[in-house]
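*Asks:* below is the structure, and that's it, no one-letter string:
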């Protein structure tokens, strides 16, 4: 069935993944609305048995967060409520006196409460969203929910901000429980033909270290499996005393995650550049995660489709993007095709320009593009001249890009009640074009991270980190003629 297993590591990752899962759930059709289904739900969802023998269908995912990071979400939900009853009767099971101490429960968001009661859904506002669960509309299997009690979310006393703390936390838990046996194997072993594992994680805090150790363990257990890492970098303005430790944490994470991932996609949150047709609150995680998730969900759309696009898998995209080289850092960008009408004086779509593009990854000077995967959905993209549900594989194009794979799917992006009104059109759907490209732009960003390492990294880490970042950068300097010497290593 070409399943994908998802790992969500940390609060920021869970915001993005929650939008992702809400979107996947919206593709299900029931009763009179049922028609030809273009999405293969088995790629991301798994069948199971819940309370009273009821069949369930829940996301194939593992959700990690710190103490207090789950908001009002309970590990046991309506699909598996009998397990909660058993847990509440520990005294009877042990035949002993048991003292239960509970912390005050976090109140449900009105949106979640209305979902539970089946009443009219109230609008969600950026101010009202405190946790990613406040806009979650999906039930998860109890084994998907993994709370780490060693650190507290949003804590000012013991922040989970250090790469080394994350690595130490993973190691201590793994030594006690063997994380892959406890968490991964339950979901992985029920897959018929797993096409890959996708990982959402922050990379410039403790989760970057946790993810590094996790990926080391995964690569050792699954040496040939596709591992796609969506590495989230916090890009809001902070004082230099916070910015430097973040960059050093990012450098440590990149040195592990990039070599061991099949594809590594850096994600800046919030994005560096947002077009004027998007009304966007950079401070709201609900807003930023929605925009980022839209790009991720769209660029991977063909990996879970039926019909003409059903043959496209994660490894097919990796083959195009890496071009049989060591260049596995890919950059994500997105364009709302409707946005061309908004900014066009004539009201016609026309061709894409820089002002229409949302850069979700690193930005900078781009001298050469080695390869690109482009996905259009909804209305046709004038740049692709494509028909719905078609694919053009391995199409060589001249000038700045060596290899292009293009896909066009008829299904638009759904704008749900849980999605912020950042496009000025509540409800309905969007026509989008997203691209994932391998670019020489990576050289500039890695060079700036390397400069920070050279100036501020501890002596026992400086040389190793510097050399590893230089090695990553060198792959993007070969195979094309830049016309000048960059001088990066001088």
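*Replies:* That came through fine. From a predicted model like this one, the values you see are computed outputs, not experimental measurements.
*Asks:* show me where this structure dips below the pLDDT cut-off.
*Replies:* Where the chain drops to pLDDT under 70, the residues are 30-37, 75-103, 308-311, 339-354, 380-402, 478-490.
*Asks:* how does it look with 50?
*Replies:* 82-93, 341-350, 386, 394-399, 483-490 (pLDDT under 50).
*Asks:* how about the helices in it?
*Replies:* Assigned by DSSP state H, the chain shows helices spanning 11-26, 81-87, 90-94, 110-117, 163-177, 179, 185-188, 206-221, 240-260, 285-299, 314-322, 337-343, 441-456, 459-474.
*Asks:* any chance of those in a markdown table, with distance to residue 228 and mean neighbour count too?
*Replies:* All C-beta spots, glycine's among them, are computed from the backbone N, C-alpha and C. As requested, these are arranged in a markdown table below (distance: least, C-beta to C-beta, whole Å; neighbours: other C-beta atoms under 10 Å):
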| stretch | distance to residue 228 | mean neighbour count |
| --- | --- | --- |
| helix 11-26 | 13 | 24 |
| helix 81-87 | 32 | 13 |
| helix 90-94 | 41 | 10 |
| helix 110-117 | 30 | 15 |
| helix 163-177 | 20 | 17 |
| helix 179 | 19 | 21 |
| helix 185-188 | 15 | 17 |
| helix 206-221 | 11 | 22 |
| helix 240-260 | 11 | 20 |
| helix 285-299 | 10 | 25 |
| helix 314-322 | 6 | 20 |
| helix 337-343 | 25 | 19 |
| helix 441-456 | 17 | 19 |
| helix 459-474 | 17 | 16 |
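*Asks:* distance to residue 366 for these - can I get that in a markdown table?
*Replies:* Formatted as a markdown table, the entries for those read as follows, by distance: least, C-beta to C-beta, whole Å:
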| stretch | distance to residue 366 |
| --- | --- |
| helix 11-26 | 25 |
| helix 81-87 | 52 |
| helix 90-94 | 59 |
| helix 110-117 | 40 |
| helix 163-177 | 29 |
| helix 179 | 39 |
| helix 185-188 | 37 |
| helix 206-221 | 26 |
| helix 240-260 | 19 |
| helix 285-299 | 18 |
| helix 314-322 | 15 |
| helix 337-343 | 21 |
| helix 441-456 | 4 |
| helix 459-474 | 15 |
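*Asks:* for residue 367, which of those is the nearest?
*Replies:* Minimum separation from residue 367 across these (C-beta to C-beta) falls at helix 441-456, 7.9 Å.
*Asks:* show me what the closest one is packed against.
*Replies:* Judged by 3 or more C-beta pairs under 8 Å, 6 or more residues apart in numbering; DSSP states H and E, helix 441-456 is in contact with helix 240-260, helix 459-474.
*Asks:* quick one: the first one to helix 163-177, angle?
*Replies:* Helix 240-260 and helix 163-177 meet at an angle of 50 degrees, taking axes from the mean of the first three to the mean of the last three C-alpha atoms, to 10 degrees as the criterion.
*Asks:* just the residues contacting helix 240-260, thanks.
*Replies:* With contacts defined as C-beta atoms under 8 Å, 6 or more residues apart in numbering, helix 240-260 is touched by 161-163, 203-205, 208-209, 211-212, 215-216, 219, 227, 229, 231, 233-234, 238, 264, 328-329, 446, 449-450, 452-453, 456-457, 461, 464-465, 468-469, 472.
*Asks:* buried residues, stretch 423-433. List them.
*Replies:* 423, 429, 430, 431, 432, 433 (16 or more other C-beta atoms under 10 Å).
*Asks:* make JSON lines out of the helices and strands packed on helix 441-456 and add distance to residue 69.
*Replies:* What follows is these, written out as JSON lines (distance: least, C-beta to C-beta, whole Å):
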{"stretch": "helix 240-260", "distance to residue 69": "19"}
{"stretch": "helix 459-474", "distance to residue 69": "29"}
